[in-house]
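[1] Sequence first, predicted coordinates after that:
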Amino acid sequence: EFESCCAANLDESITAASMAGAPDSVALLLFFLFWYVGNAFYNQYNTQALAAVGGKYGGLTMTVSTMQLGVCTLYAMLLWLVRLNPIKLFGLQMPEKMSLPKITMKDLMATMPVGFCSAAAHSAGVFCLGADPLFGQIVKAGEPVMSALVNTTFYGKAPSKAKFICLLFIVAGVAFASLKKGADGAYALKFDERALLFGMIGNTFAAFKGSENKKLMETKGIKDRFAGVANQFAVTEVLAFLISLPVMFATEGAKFSEFCNLLMTKRELQVGLAISGMSFYLYNELATMTIKATGAVTSSVANTAKRVIVMVYMAAVTGKALTEEQKIGAAVAIGFVLVYSVIDDVVKAMSGGKDKEKKTK
């Protein structure tokens, strides 16, 4: 009786505490801020972790990617253990309860495609950014191109004509960023092929992940069984880790003892893995919260600003300046990603306004 009484009092105190803290408007601004900070930190410490294992040709990139997901998995399990999610502390609000999801084995199997795509997108992203942190960001900004291709080919959802025109400019921007002027003044393609290849692979799986996640959420009752977006994200990250493990051992298993030795002796790797793994989990959760709380236009502007801020930050951290071609190409690609995100709503609003004028006349 005493334990049940204490549990009831604890529930009441958590409910009361959740009403305290900063106003939602202030919290939202802080969520945006820490989303950007988390993304910048992820890129910085992901680069540090990869450098500690020998860089893009060190043969341990997949291992670093998998271990980052391992950090995410440990954190998710800690959240389920304490039954509290502290993410709202970033907005100066009290933590929320996070009970274990009540999903069935059937639900888990239905989530597997999302977990697989999440694992593939993450690993490809690590390979991409590990090859070239700056050009990799430009390639990743071209995600709508692969999203349109995937949705048209596999889900029968083609983009509108207005969006299709935007896609041409996004491709043109990435293509121009791949050019470099030679001593003779002529332009030639010069870019990191590894960054381009894995960036496109990552964008493809990110597109599949979005569509598969939408399908998953249409399953009757699954939202209630997950008991919140935080639980769904946690389950997805755990599945992504478990899926990545056999791939890691199949491709880089022969060097795992070398990785363990580096992990035990190199502080740069220890810090890089821990911070990149945690910041990856936290900034994705903050991004989900901000996008859910704002409209399409606000989230698109925020995402565009994030790309620019991260590129500038990584240029400062790595000491590698963007070329003029990369600056212009990135501006065009990222700018039209923003336009792509809102163009249908703009066209709809304009056509709606014209219809009202006709009716008035």
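    Arrived safely, thanks for sending. These figures come from a predicted structure and were not determined experimentally.
[2] So G210 is in contact with S147, correct?
    Yes: with contact defined as Cβ atoms under 8 Å, G210 reaches S147; the gap is 6.8 Å. No exception for glycine: its C-beta is placed from N, CA and C like everyone else's.
[3] Please say which of these two ends up with more neighbours.
    Legend: neighbour count by other Cβ atoms under 10 Å for G210 and S147, higher for S147 (21 against 17).
[4] and the more buried one, what element?
    Using DSSP states H and E, S147 sits within helix 143-154.
[5] Mind exporting the C-alpha coordinates of that helix to CSV?
    What follows is helix 143-154 as a C-alpha-only set of coordinates in CSV (Å, rounded to 0.1, in the frame of the first residue of the first chain):
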residue,chain,number,x,y,z
GLU,A,143,17.5,14.8,-50.5
PRO,A,144,14.2,16.0,-52.2
VAL,A,145,15.5,14.8,-55.6
MET,A,146,15.8,11.2,-54.4
SER,A,147,12.6,11.6,-52.4
ALA,A,148,10.7,12.5,-55.5
LEU,A,149,12.3,9.7,-57.5
VAL,A,150,11.5,7.1,-54.7
ASN,A,151,8.0,8.3,-54.2
THR,A,152,7.2,8.4,-57.9
THR,A,153,8.7,5.0,-58.6
PHE,A,154,7.7,2.9,-55.6
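[6] Please identify the buried residues of it?
    143-151 (16 or more other Cβ atoms under 10 Å).
[7] One more: stretch 265-273?
    Those buried within stretch 265-273 under the rule 16+ other Cβ under 10 Å are 269, 272-273.
[8] mind giving me JSON lines with these and columns for secondary structure?
    Output for the buried residues of stretch 265-273, formatted as JSON lines (DSSP: H, G, I helix; E, B strand; the rest coil):
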{"residue": "L269", "secondary structure": "helix"}
{"residue": "G272", "secondary structure": "helix"}
{"residue": "L273", "secondary structure": "helix"}
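[9] Just give me how far stretch 136-147 sits from the chain centre.
    Distance of stretch 136-147 from its chain centroid, counting by Cα atoms, centre = their mean, to the nearest Å, is 12 Å.
[10] Excluding its own residues, what touches it? List them.
    43, 125, 128-130, 163, 166-167, 170-171, 173-174, 177, 192, 195-196, 199-200, 202-204, 206-207, 210, 307, 310-311, 314, 326, 329-330, 333-334, 337, 340-341 (Cβ atoms under 8 Å, 6 or more residues apart in numbering).
[11] roughly how far apart are Y36 and L282?
    In this view, Y36 and L282 are 12 Å apart by Cβ to Cβ, to the nearest Å.
[12] Skip ahead from whatever helix or strand K215 lives in and say which helix or strand is next.
    Assessed by DSSP H and E, K215 sits inside helix 193-217. Later in the chain than helix 193-217, the nearest helix or strand by DSSP H and E is helix 222-226.
[13] got the angle for the helix or strand that that next one is followed by vs helix 193-217?
    Downstream of helix 222-226, the first helix or strand assigned by DSSP H and E is helix 229-252. With axes from the mean of the first three to the mean of the last three Cα atoms, to 10 degrees applied, the angle from helix 229-252 to helix 193-217 works out at 140 degrees.
[14] Okay, buried residues for helix 229-252 please.
    For helix 229-252, by 16+ other Cβ under 10 Å, it's 230-244, 247-248, 252.
[15] Repeat that for stretch 61-80.
    Going by neighbour count (16+ other Cβ under 10 Å), the buried part of stretch 61-80 is 61-73, 75-76, 79-80.
[16] Which ones among the residues you listed map onto helices?
    61-73, 75-76, 79-80 (DSSP state H).
[17] ok, now how distant is the residue nearest the centre of the chain from F41?
    By Cα atoms, centre = their mean, the chain has its centre lying nearest to N284, at 5.5 Å. Taking Cβ to Cβ as the measure, N284 and F41 are separated by 13 Å.
[18] ok, back up a step: can you give me how far the helix holding S147 is from the chain middle?
    That offset, for helix 143-154, works out to 17 Å (Cα atoms, centre = their mean).
[19] Quick check: which helices or strands does the helix or strand that comes right after it pack against?
    The C-terminal neighbour of helix 143-154 among helices and strands, as given by DSSP H and E, is helix 161-177. Identification of packing neighbours for helix 161-177 by 3 or more Cβ pairs under 8 Å, 6 or more residues apart in numbering; DSSP states H and E yields helix 133-140, helix 143-154, helix 324-360.
[20] winner for burial among those helices?
    With neighbours defined as mean count of other Cβ atoms under 10 Å, those peak in mean count at helix 133-140, which reaches a mean of 26.
[21] distance between it and the chain's centre?
    14 Å.
[22] So for that helix, mean pLDDT?
    On average, the pLDDT along helix 133-140 is 84.
[23] what's the angle from it to helix 324-360?
    30 degrees.
[24] For Y36 and L282, indicate the residue with more neighbours.
    L282 (22 against 19).
[25] List the buried residues for stretch 307-324?
    307, 310-311, 313-315, 322-323.
[26] Check stretch 253-269 too.
    255, 258-259, 262-263, 269.
[27] which one among those gets closest to S118?
    For these, the minimum distance to S118 (Cβ to Cβ) is 22.4 Å, reached by F259.
[28] Now that closest one: which helix or strand?
    F259 belongs to helix 256-265, assigned by DSSP H and E.
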